[in-house]
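Engineer: Curious how this folds, go ahead:
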Amino acid sequence: NSEVLHLFEASDAMVLPSEFEGLPVSVIEAMGRGCIPVVSDLPSGVPELIQDGVSGYRVPIGDIAGFAARLVQLHRDVGSRAKMSASAHQAVLRGGYRVEDMVGRYLALFEQVSTEVSSGAYRRPHGPILPLPGLYRESWKSRLPTPVRAMGRRGKRFLRRVIARAGSLRTR
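Structural biologist: Residues are numbered from 1 along each chain as shown. Below is the predicted model of the structure:
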């Protein structure tokens, strides 16, 4: 971790051309060290943290030429690079993304939950706990053709019988 933070301090920019992210901790860490993020413009926490052209760059997903153009622009314009670096750092400080801020919010949440449970204000709803839709995707086994899945079940029954017979032979 400390080596990564030192790399952020020694770098002017960090590139994250992802197709999906929530709010990447790596971006927060980089910005906290004054590193300018050049990231995919994702419908996530990214727009809340990065103001395009001010505290970093948000580039359309898959726009490789756009990423390259932003990096060239940062390389050529030293004054703009210094301003964006300071803005990136300030975005983390003012946005409540410092470790101290996050820990404080977690502690407040735990205190609130504890108080609600202790006072009886919160009661867990009765009934089955259902997984979130899409959380558990089908396994690789469910993608096998039905005859292959059936062979697997028959094979397991066969192995159980063989093991049971072997056990009974040893006891004789």
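Engineer: correct me, but D52 touches R58?
Structural biologist: Yes: D52 is within contact range of R58, at 4.5 Å (criterion: CB atoms under 8 Å). No exception for glycine: its C-beta is placed from N, CA and C like everyone else's.
Engineer: Looking at these two, which one has more neighbours?
Structural biologist: R58 (20 against 14; other CB atoms under 10 Å).
Engineer: low-scoring stretches of the protein, by residue?
Structural biologist: 132-140, 143, 168-172 (pLDDT under 70).
Engineer: Now find how far off-centre stretch 152-159 is within its chain.
Structural biologist: 39 Å (CA atoms, centre = their mean, to the nearest Å).
Engineer: if we can go back for a sec, between D52 and R58, what contacts are shared?
Structural biologist: Common contact partners of D52 and R58 (CB atoms under 8 Å, 6 or more residues apart in numbering): D41.
Engineer: Which residue ranges of the chain form strands?
Structural biologist: Along the chain, counting by DSSP state E, strands occupy 13-16, 36-40, 57-59.
Engineer: residues in contact with A88?
Structural biologist: 30-31, 34-37, 50, 55-56.
Engineer: Check E19 too.
Structural biologist: So E19 contacts 40, 42, 61-62 (CB under 8 Å, 6+ apart).
Engineer: try Q51
Structural biologist: With CB under 8 Å, 6+ apart, Q51 has these contacts: 87, 91.
Engineer: go again using 10 Å as the cut-off
Structural biologist: 57-58, 84, 87-88, 91 (CB atoms under 10 Å, 6 or more residues apart in numbering).
Engineer: do you know how far it is from S119?
Structural biologist: 41 Å (CB to CB, to the nearest Å).
Engineer: No further questions, thank you.
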